[in-house]
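1. Requesting a structural model of the entry that follows:
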Amino acid sequence: ETPDNLLREVIRDSNAMSSCFPCLPWRGLERSMESDREKLMQKVSAKQLRRHQSLVLEDDETADEIEKMISLALEALVEHHPDAKIAVIGGGMYGCHHALSFAREGFKVDLYDKAETLFAGASGHCAFRIHRGYHYPRSQKTRKMCSLDHDLFVRRYGNLLCKEIATLEKAFLISEDGKSAIDYGTMQTIMHGVGLPMEELEQQRLKELGFDQVEGGFLNREEPILYVDYPRVWFREELEKAGVGIYLGEAGNVSQLEDLGSKTQVGLKGKAYDFVVNCTYNQCFTYAPEHHQFVFEICLSPVVVMRDGVEPLSFGVFDGPFPSLEPYLFKGPLPEKWAKYQGRRLFQIWHIALTAVCKYDTAKEAQAAMERGVMSQGEIDKRIGQMLVDVRKYYPNFDLEYEVIGHNFALKTKANDVSAHRPLIVLQNEEVHPRLFTIISAKLSSIIHAQRDLLMLLLGVIEPVASTPVLTKMGTARELHKASTIAQFVDAHAFHRE
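-> Numbers count the residues shown, from 1 in each chain. Modelled structure (predicted):
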């Protein structure tokens, strides 16, 4: 029998159902059905369950269902632990989102980040495009996740996005030099198969747009761009309005947790918290999942300004060691170092083979390298020059239309997987403390999925203080089945969303 069928047998057990409904369904299952669980685990190993996990957790889920689960889970958390004190480590998109969400429900929340400003790390130094799946032709799982996460993100944070059509337009190109992992026909088949809108470009049109040495391409106008500066400003205002304690710089530098001699409270910076949520992209209290190898990369992205009279068009060459040109948008004034270009469009160059200038096995090594500096100016210029060679190969008019004006460095966490998928992992890091929860993701837009999974974990560890059947409001057997499956059968209480 498949894991799904076995799990449904467990869920149908009447004793389990009667014990789970008064409080938290998955904890009730754990308490009342230990013998059944042992029998089940003899038949279906944790490894088998993990392989089937995307089927159990993602099968035809909709944005409405995920939002409903989040709403009900927050309601349950408020009822069962109304006075919870929560620390969030990391002041990027994930940290700010979770801190704000918890604070708006009335919880006492503190946010910590070792930088002097919010969004100082990877969240503030990325491509800023909210993907729908076009960028991942080799990973169906990532395409599916991107599409759903795109819808959830736009619903929640549409105010932080630029939706100007001229800015959204991007050309997706397949190189004709034989280095692409797929050909254009395969790319077409994949995009049509998943129903992603695209405007196909004939060779003549590709030439008119200025592209060269490409087998084929299409235009996409479906992916909005996150502003570089506005999320930092907006979240700071909203966090303060919601009463979140914000600790930045040395006050926000978290290197260890404090042992309070309790499994239900954890110490941090002299305070006691009921939950600590690690949103540092696995760069603090690093966790090594069994099925993913993570590397810590220092990435270099040149910043260029578009010359006057040029029509904006970003592009990416697929699928392999190729460059891309992405909008770098500010809603407010440009930073001081680029202030003289105010009113002109900025872009960033990314390159699959050349953007990562250093790779490290541990976050500590990477952070030390960032602090001391990893490249001389001469080395930076050389690396940027190498990127430009490929940019000019596919876009010969680059130097006539753009000018390099600077660069950014950023430390990023990457799952080093051959299929190019980008996992979302939410787990209870019991190796450090039972109340420490870690979120690992390479995509800004996965925050809503991560919130749902995090809430399921939090509810799975608390002891209810009331017997009101809050979670029975989740309604459908399908939702109950998912919630129960999540907490009882995934190793180390971890969700891996590929």
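2. Tell me where the stretch 201-350 of the chain has helices.
-> Ranges of helices in the stretch 201-350 of the chain, per DSSP state H, counting those that start in this stretch, are 203-208, 230-241.
3. Residues in contact with stretch 95-111: which ones?
-> Residues outside stretch 95-111 that contact it (CB atoms under 8 Å, 6 or more residues apart in numbering) are 74, 77-78, 82-89, 91, 113, 118-119, 231, 235, 238-239, 242-247, 252, 271, 273, 277, 279-280, 439, 447, 450-451, 454. Glycine gets a C-beta too; all of them are placed from N, C-alpha and C.
4. Ok, stretch 168-179 next?
-> 129, 134, 162, 180, 182-184, 187, 198, 201, 206, 209, 211, 213-225, 312-322, 326, 394.
5. circling back to that earlier point, which stretch among the helices of the stretch 201-350 of the chain is buried most, on average?
-> Mean neighbour count (mean count of other CB atoms under 10 Å) peaks for helix 230-241 among these, with a mean of 17.
6. what mean pLDDT would you report for that one?
-> Regarding helix 230-241, the rounded mean pLDDT is 98.
7. go on, stretch 455-475?
-> 59.
8. picking up where we left off before, give me the subset of the contacts of stretch 95-111 that lies in strands.
-> Members of the contacts of stretch 95-111 lying in strands (criterion: DSSP state E): 85-89, 113, 245-247, 271, 273, 277, 439.
9. And the strands in the stretch 1-150 of the chain?
-> In the stretch 1-150 of the chain, the segments counted as strands under DSSP state E, counting those that start in this stretch are 85-89, 108-113.
10. Next, the angle from the longest one to strand 85-89.
-> Here strand 108-113 runs at an angle of 10 degrees relative to strand 85-89 (axes from the mean of the first three to the mean of the last three CA atoms, to 10 degrees).
11. strands paired with strand 108-113, and their directions?
-> Strand pairing for strand 108-113, using DSSP bridges, gives strand 85-89 (parallel), strand 245-248 (parallel).
12. I'd like to know which of these is closest to His125.
-> strand 245-248 (17.0 Å; CB to CB).
13. can I have that closest one written out in PDB, keeping just the CAs?
-> Provided in PDB are the C-alpha atoms of strand 245-248 (Å, rounded to 0.1, in the frame of the first residue of the first chain):
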ATOM      1  CA  GLY A 245      10.700  45.200  19.300                       C
ATOM      2  CA  ILE A 246      13.400  45.800  16.600                       C
ATOM      3  CA  TYR A 247      17.000  45.100  17.600                       C
ATOM      4  CA  LEU A 248      19.600  45.800  14.900                       C
END
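14. can you list contacts of it?
-> Contacts of strand 245-248 (CB under 8 Å, 6+ apart): 91, 109-118, 236, 239-240, 252, 269.
15. shouldn't Gln265 be in contact with Tyr273?
-> Yes - counting by CB atoms under 8 Å, Tyr273 is a contact partner of Gln265 at 6.7 Å.
16. Report the set of residues contacting both of these two.
-> Counting by CB under 8 Å, 6+ apart, the residues touching both Gln265 and Tyr273 are Arg435.
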